[in-house]
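Enquirer: structure for the following, please:
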Amino acid sequence: MIRRCDLVDGGDGDYDKRAKEFMYCPDCDREIGGTCGDYFMIPMNREIHCPYCGGELFLARKTVELKIIKG
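Expert: Numbering: from 1, shown residues only. As a prediction, the model looks like this:
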């Protein structure tokens, strides 16, 4: 469950490391961007659900793995 307080904020000390985080809904396979400021109208501890299907959201970050298959 994601709450507004879990989202990255521009004033955070680790903003540069967390800037590429997004919310992900596995139920409808959607990526939902957003920072804490994008949801400024809701309380910090309120749960945020997928606006498309109402499912549970997870914080995610895309990563790339390099795998050498022949040397």
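Enquirer: secondary structure class for Asp12?
Expert: Classification of Asp12 by DSSP: H, G, I helix; E, B strand; the rest coil places it in coil.
Enquirer: surely Cys53 meets Asp29?
Expert: No. Under the criterion of C-beta atoms under 8 Å, Cys53 makes no contact with Asp29, lying 9.8 Å away. C-betas here are computed from N, CA, C, even on glycine.
Enquirer: between those two, which has more neighbouring residues?
Expert: Cys53 (12 against 9; other C-beta atoms under 10 Å).
Enquirer: so what's the closest residue to Tyr52 other than its chain neighbours up against?
Expert: Closest residue in space to Tyr52, ignoring its immediate chain neighbours: Cys28 at 5.3 Å, by C-beta to C-beta, 6 or more residues apart in numbering. With contact set as C-beta atoms under 8 Å, 6 or more residues apart in numbering, Cys28 has these partners: Cys50, Tyr52, Cys53, Gly55.
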